[in-house]
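Colleague: When you get a sec, could you give me coordinates for this:
(one chain, ligands or ions: 1)
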Amino acid sequence: MKVYDENNVFAKMLKGDIPVNKIYEDDFAIAFADIHPKAPVHLLVIPKGTYTDFSDFTAKASANEIAGFFKAVGKVAEKQGLTENGYRLVMNTGRDGGQEVPHLHVHILAGKKLPF
Ligand code: AMP
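Modeller: Prediction:
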């Protein structure tokens, strides 16, 4: 089992140790722009709970937290005006999934027709 790294960059954002320009916040999640955008719109949504990745989240989080987090993702997309043209959700998970930051996050990619 992976141990949560309290010093990862998203943990520091949640603790207020480094600044974050939040575009959305509720009881379950915050959202902000990715620092290295890979699409015209590239947002990240992270849960406030300390979960390393999707597997950790689904294993340990309550049903309320899981529902709240995914509702937050939908709200971010809606508030950013992405629902009509659509968007892509990506959750890189673990080493083989290419995950770099060990705090669960959803990428929202949008703003053009994305290649597969
Ligand atoms: P992943 O490879 O799925 O772990 O994605 C981590 C993402 O976090 C990458 O797309 C990075 O560009 C992004 N990232 C890392 N540090 C920051 C930061 N300080 N602010 C915003 N995005 C960040």
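
Colleague: what about the chain, any weak spots by pLDDT?
Modeller: For the chain, the stretches flagged by pLDDT under 70 are 1.

Colleague: Pull out the buried residues from the longest helix anywhere in the chain.
Modeller: Longest helix of the chain, by residue count under DSSP state H: helix 63-79. Under the neighbour-count criterion of 16 or more other Cβ atoms under 10 Å, helix 63-79 has 65-66, 68-70, 72-73, 76-77 buried. Backbone N, C-alpha and C define where each C-beta goes, glycine included.

Colleague: so what strands line up beside the helix or strand following it?
Modeller: Next helix or strand after helix 63-79 toward the C-terminus (DSSP states H and E): strand 88-90. Applying DSSP bridges to the sheet, strand 88-90 is found paired with strand 106-110 (antiparallel).

Colleague: just how off-centre is the strand it pairs with within its chain?
Modeller: Relative to its chain's centre, strand 106-110 lies at 8 Å (Cα atoms, centre = their mean, to the nearest Å).

Colleague: which residues are contacting that strand?
Modeller: Residues from elsewhere that reach strand 106-110 (Cβ atoms under 8 Å, 6 or more residues apart in numbering): 31, 34, 38-46, 73, 76-77, 80, 82, 85-92.

Colleague: And the lengthiest strand in the chain, what does it pack against?
Modeller: Longest strand of the chain, by residue count under DSSP state E: strand 41-47. Helices and strands touching strand 41-47, as assessed by 3 or more Cβ pairs under 8 Å, 6 or more residues apart in numbering; DSSP states H and E, comprise helix 9-15, strand 29-33, helix 63-79, strand 106-110.

Colleague: Cool, thanks, signing off.
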